[in-house]
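Student: Need coordinates for the below:
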Amino acid sequence: MSPTPPLFPWRLVLASASPRRRHLLHGLDLPVEITRVDIDETPPDGVPEQEVAEYLARKKAEAWTGTLADDQALIAADTTVLLGDLLLNKPADAEDAKRMLGLLSGREHRVITGVCVRTNKGNTCFSDTALVRFRSLSPEEIAYYVERHAPLDKAGAYGVQDWIGYTAVEHIEGSFYTVMGLPMHKVYEALKGLGNGIALGDQ
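Tutor: Numbering: from 1, shown residues only. You can find the predicted model right below:
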């Protein structure tokens with residue numbers, strides 16, 4: 001008996017070295033190729049904080065110089081953390097990571113993941129937001145996490161899928177996968193639309 005074919009026969013190209021995003025995309029039962037795009041992730045003046053993630057995702061997608069076949073879709077993403085109006089991107093070093101986690105301790109914040117799906121017909125970009133509440137963290141817990149898990153490649157200096165997520169996250173309103181770095185329900189809907197022959201156009 002032959003295996004059931006995928007619902008939408010896309011070959012995905014992930015424009016990210018993130019093992020978390022790679023793991024999530026493989027969950028769609030589609031082949032995933034990894035490529036890397038290096039951009040300046042400093043948002044320009046005038047971009048609202050809540051739009052930075054989507055802006056950077058689009059910038060990453062547009063910076064990729066490869067050629068896509070008709071059945072390929074490039075996926076680029078970026079995640080930001082907002083504490084009120086304060087944007088917390090990736091920490092500069094361990095001390096900066098400790099500072100960020102100290103700010104998040106005992107408070108609620110927004111995690112926004114922006115995504116851009118690019119085909120040879122155009123781009124579609126979107127974002128998703130989740131609310132996350134941390135319990136209060138002691139300085140010793142913060143130091144342990146930063147020293148043991150080195151979260152310097154993560155927005156807000158934490159990964160919800162590792163130690164701090166297990167021990168400090170009290171509540172999530174929204175998609176866990178948005179916090180992890182890729183809103184899978186929205187990625188699936190975008191690919192489903194493409195699979196049904198809906199033209200992307202530039203949105």
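Student: Can you name the residues that contact Gly156?
Tutor: Gly156 makes contacts with 80-81, 88, 100, 104, 109, 111, as judged by C-beta atoms under 8 Å, 6 or more residues apart in numbering. C-beta coordinates here come from the backbone N, C-alpha and C atoms, glycine included.
Student: Which secondary structure state does it sit in?
Tutor: helix (DSSP: H, G, I helix; E, B strand; the rest coil).
Student: circling back: could you dump the contacts of Gly156 into a markdown table with secondary structure, pLDDT and neighbour count added?
Tutor: Below are the contacts of Gly156 laid out as a markdown table (DSSP: H, G, I helix; E, B strand; the rest coil; pLDDT from 0 to 100; neighbours: other C-beta atoms under 10 Å):
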| residue | secondary structure | pLDDT | neighbour count |
| --- | --- | --- | --- |
| Thr80 | strand | 96 | 27 |
| Val81 | strand | 97 | 24 |
| Leu88 | strand | 94 | 22 |
| Met100 | helix | 98 | 26 |
| Leu104 | helix | 98 | 23 |
| His109 | strand | 98 | 18 |
| Val111 | strand | 98 | 26 |
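Student: May I see these organised as JSON lines, with distance to Lys121 added?
Tutor: JSON lines is the format used below for the contacts of Gly156 (distance: C-beta to C-beta, whole Å):
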{"residue": "Thr80", "distance to Lys121": "28"}
{"residue": "Val81", "distance to Lys121": "33"}
{"residue": "Leu88", "distance to Lys121": "35"}
{"residue": "Met100", "distance to Lys121": "39"}
{"residue": "Leu104", "distance to Lys121": "40"}
{"residue": "His109", "distance to Lys121": "36"}
{"residue": "Val111", "distance to Lys121": "30"}
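Student: isn't Glu54 right next to Phe126, touching?
Tutor: Yes. Applying C-beta atoms under 8 Å, one finds Glu54 in contact with Phe126, separated by 6.9 Å.
Student: Between those two, point out the one with more neighbours.
Tutor: More crowded of Glu54 and Phe126, by other C-beta atoms under 10 Å: Glu54, with 22 against 17.
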